[in-house]
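Trainee: Got a predicted structure here, sequence first:
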Amino acid sequence: MKPKLLLLVAIVAFASAVAGVFLGRYFFPQPKAAGVELHDVLHSKLDLDDRQKAKIELLEQGFAVRRRALELELRSDNARLAAAIEVEHGEGPRVTAAVDQSHQAMGELQKETLGHIFAMRQILRPDQAKTFDQAVVHALTDDAR
């Protein structure tokens, strides 16, 4: 094949691939993650005043640090689980202990997340809290439908 023809085929193939990605995203958009949707409601649909925004920003900064620490703990737990599986090749005492440890970290992350949600809710007016509560319920139950 001639170099010019090969280049033309490569360009057409690349353009087709890019077009395919854009069309796929347009016709099959990915659903928003629960946290993203809740964040959108909080910052776009509740008409927060400046005091509320400042308080929520402080809460979010603190939670981001705690969430990151727990996520790192979960990664470490997963590494221990992988090592235990590699050694035991089945459900032995090391695997069971590693699973239990990761469940504890997952539970802590869930508790911290709920505490963060409830702390933010305390900053809201009653009318805002109603909308926020609906978004929380939707975020927790949307995948189950």
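Mentor: Sure thing, it's come through. Since the model is a prediction, treat every value here as computed from it, not as a measurement. Numbers count the residues shown, from 1 in each chain.
Trainee: For the protein, give me the ranges with low pLDDT.
Mentor: 1, 12, 14-15, 18-19, 21-36, 143-145 (pLDDT under 70).
Trainee: Break it into its domains for me.
Mentor: As recorded under automatic domain parsing, the domains making up the chain are 1-30, 33-144.
Trainee: winner for burial among those domains?
Mentor: domain 33-144 (a mean of 14; mean count of other C-beta atoms under 10 Å). Yep, even glycine has a C-beta here, placed from its N, CA and C like the rest.
Trainee: Quickly note the distance from I117 to D133.
Mentor: Distance, I117 to D133, using C-beta to C-beta, to the nearest Å: 10 Å.
Trainee: typed the wrong thing, it's Q101
Mentor: In terms of C-beta to C-beta, Q101 sits 33 Å off from D133.
Trainee: Then K111?
Mentor: Taken as C-beta to C-beta, the span from K111 to D133 is 19 Å.
Trainee: for E88, same thing?
Mentor: Relative to D133, and taking C-beta to C-beta, E88 is found at 45 Å.
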